[in-house]
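Participant: Return atomic coordinates for the entry below.
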Amino acid sequence: MTARLGVIGGGQLGLYLCEAARALGVQVAVLTESADDAASHCADSLVVGELDNAAAVEQFLADCDVVTFDKEAVPKETLAWLVEAQSRGRVKVLPGAETLLMLKDKALQKTWLTQQSLPTLPFHVLSGSVSSLELIGGSFGKAVVQKARCGGYDGRGVQIIPCLESERQLWDVPSIVEPLLANCVEISVITVRDQFGDMQTYPPVGMEFDPQLNSVKTVSLPAAVSPAVGEQAVALAERIVSLLKGVGVFAIEMFVTAGDELLINEISPRVHNSGHLTLDACNVSQFEQHVRAVCGLPLLEIECKTSAAMLNLLYSEDLRVHCPPRPVAEKMKQPGTSVYWYGKAPGMVGRKMGHINAVAPEVEEAVRLAAGALAKLSSGKNRQAA
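Facilitator: Purely as a prediction, here's the structure:
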């Protein structure tokens, strides 16, 4: 068992990794760019600095036996330093730095999927200079999606173009373009693999997106797919993680077409927003499973106790007065509902400030409970002691 875990990134995912590690008796060091980040409230040791600052990385590594990540946006220089540190036996890096380097670039990720004969949408790679309008239109039609190759998150770095008619509609940045897939269901499968190849997978969850922000708005368990499609999605996710020889949690986002065909959208080599439901709906959360996997502890067999729904709390001026300065998890008056605040300073519209989880015997009831809790949150009368 690893006694000292290092997490690069200090957001809410890092926060819940810290909490899970602490419950397992694992010390956690966090490297983050701001002393106010969510994980700073729970880390055993905190290094604040730019992620490509060699001195900050060196200080961080001094407190680590194994290093993991709460985000993909880690500079190439830092990943190279981690590879070198691992080669000298100083630390383990899980998932591997090489895996993160490939998956964080959407063009490299899509190329890998194609090379592995894994089902995904066709794509076209754009350089920083846009000059491929006829090629795109001829291959994909007018309705397309453009994704920045690196750095996108929470809907940023993604734009939907319903009718592509001019190169001016495309961002002049390194990116990929895919056809817009209509009439599909979007799901996520959370899979965890340990250092010995053992795997556990959560049931697929459904995802609904904010049409303006392009970020996840609602997650529901179970996903609205047939049992056969659900089994195929689990098998596909496990195949992907096995091919990557990944260690830790991976989130595999997929499209389900009108004909029940599965197409891989994106792979995230980390704990994921679509897995927040596991904090309340399952016997073991994605965060605990990730810590177990990278620290050499046995994975727990997953049991989903109930249906569930999760709503992201996205920043707005109406929400500002309710955002606490420190992370807080509280029960709410609606039965089976809890609110998780990340302790973030109020910021830009669309920033994730927290989420609401609701559990119920049926998924429709869970969605209704979560929506009702969100509607009443602004009254300030919807909390009760945990």
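Participant: what helix or strand is the closest residue to residue 338 other than its chain neighbours on?
Facilitator: Closest residue to residue 338 apart from its sequence neighbours, by CB to CB, 6 or more residues apart in numbering: residue 357 at 5.1 Å. Just so you know, the C-beta spots here come from the backbone N, C-alpha and C atoms, and that holds for glycine as well. If you go by DSSP states H and E, residue 357 is part of strand 352-360.
Participant: helix or strand right after that strand?
Facilitator: For strand 352-360, the following helix or strand on the C-terminal side (DSSP H and E) is helix 363-377.
Participant: So which bits of that following helix are buried?
Facilitator: Using 16 or more other CB atoms under 10 Å as the test for burial, helix 363-377 gives 363, 365, 366, 367, 369, 370, 371, 372, 373, 374, 376, 377.
Participant: who touches that helix?
Facilitator: Here helix 363-377 makes contact (CB atoms under 8 Å, 6 or more residues apart in numbering) with 218, 220-222, 224, 306-311, 313, 322, 332-337, 339, 356-360, 382.
Participant: From the chain's centroid, how far away is it?
Facilitator: 22 Å (CA atoms, centre = their mean, to the nearest Å).
Participant: can you give me the helices in the stretch 151-300 of the chain?
Facilitator: 227-244, 278-281, 286-295 (DSSP state H, counting those that start in this stretch).
Participant: For residue 36, state which of the buried residues of helix 363-377 is nearest.
Facilitator: Taking CB to CB as the measure, residue 36 lies nearest residue 377 of these, at 23.0 Å.
Participant: Quick check: that closest one vs residue 153, distance?
Facilitator: Distance, residue 377 to residue 153, using CB to CB, to the nearest Å: 24 Å.
Participant: Ok, residue 279 next?
Facilitator: Residue 279 is 21 Å from residue 153, by CB to CB.
Participant: Neighbour count for the two, which is higher?
Facilitator: Shown here are residue 279 and residue 153; by other CB atoms under 10 Å, residue 279 has more neighbours (22 against 15).
Participant: Would you confirm that the more buried one contacts residue 285?
Facilitator: Yes - contact between residue 279 and residue 285 holds when scored by CB atoms under 8 Å: they sit 4.9 Å apart.
Participant: shared neighbours, these two?
Facilitator: residue 16.
Participant: Mind telling me what element residue 313 is part of?
Facilitator: strand 307-314.
Participant: how much distance is there from that strand to the middle of the chain?
Facilitator: For strand 307-314, the distance to the chain centre is 14 Å (CA atoms, centre = their mean).
Participant: report the angle between the axes of that strand and helix 363-377?
Facilitator: Orientation check (axes from the mean of the first three to the mean of the last three CA atoms, to 10 degrees): strand 307-314 against helix 363-377 gives 30 degrees.
Participant: check contacts around the residue lying closest to residue 269 once chain neighbours are set aside.
Facilitator: Using CB to CB, 6+ apart and skipping residues adjacent in sequence, the residue nearest residue 269 is residue 95, 4.7 Å away. The neighbours of residue 95, taking CB under 8 Å, 6+ apart as the test, are 68, 69, 244, 246, 247, 248, 250, 269, 270.
Participant: Which secondary structure element of the chain has the lowest mean pLDDT?
Facilitator: Across the helices and strands of the chain, mean pLDDT, DSSP states H and E gives its lowest value to strand 383-384, namely a mean of 48.
Participant: wait, residue 148 sits on residue 172?
Facilitator: No - counting by CB under 8 Å, residue 172 is not a contact partner of residue 148; they are 11.0 Å apart.
Participant: more crowded one of the two?
Facilitator: Counted by other CB under 10 Å, residue 148 and residue 172 do not tie: residue 148 has more neighbours, with 18 against 12.
Participant: which ones are touching that one?
Facilitator: Counting by CB under 8 Å, 6+ apart, residue 148 touches 106, 157, 158, 171, 173, 174, 175.
Participant: what about the first one, distance to residue 148?
Facilitator: Taking CB to CB as the measure, residue 106 falls 7 Å from residue 148.
Participant: remind me which residues of this structure are low pLDDT?
Facilitator: 1-2, 128-135, 137-138, 154-155, 213-214, 378-386 (pLDDT under 70).
Participant: Verify the stated contact: residue 195 with residue 248.
Facilitator: No - Residue 195 is beyond contact range of residue 248, at 9.4 Å (criterion: CB under 8 Å).
Participant: Touching both of these two, which residues are there?
Facilitator: Residues touching both residue 195 and residue 248 (CB under 8 Å, 6+ apart): 94, 293, 294.
Participant: Of those residues, which is the most crowded?
Facilitator: residue 294 (28 neighbours).
Participant: That one is in contact with residue 93, isn't it?
Facilitator: No - with contacts counted by CB under 8 Å, residue 294 stays clear of residue 93, the gap being 9.3 Å.
Participant: okay, and the common contacts of those two?
Facilitator: Listed as contacting both residue 294 and residue 93 by CB under 8 Å, 6+ apart are 66, 68.
Participant: which residues in the stretch 51-200 of the chain form strands?
Facilitator: 66-69, 92-93, 124-126, 144-148, 158-161, 175-179, 185-193, 199-201 (DSSP state E, counting those that start in this stretch).
Participant: Contacts for the fifth one next, please.
Facilitator: It stands for strand 158-161. 143, 144, 145, 146, 147, 148, 152, 169, 170, 171, 180, 214.
Participant: if I look at residue 175, how far off is residue 75?
Facilitator: As judged by CB to CB, residue 175 and residue 75 stand 19 Å apart.
Participant: Sorry, slip of the keys, the one I care about is residue 302.
Facilitator: 34 Å.
Participant: more crowded one of residue 195 and residue 248?
Facilitator: Shown here are residue 195 and residue 248; by other CB under 10 Å, residue 248 has more neighbours (28 against 15).
Participant: For that one, give the beta-bridge partners.
Facilitator: Taking DSSP bridges as the rule, residue 248 bridges to residue 193.
Participant: got the contact list for residue 146?
Facilitator: 126, 158, 159, 161, 170, 171, 175, 176, 177.
Participant: Drop anything exposed from these.
Facilitator: Counted by 16+ other CB under 10 Å, these give 126, 158, 159, 161, 170, 175, 176, 177 as buried.
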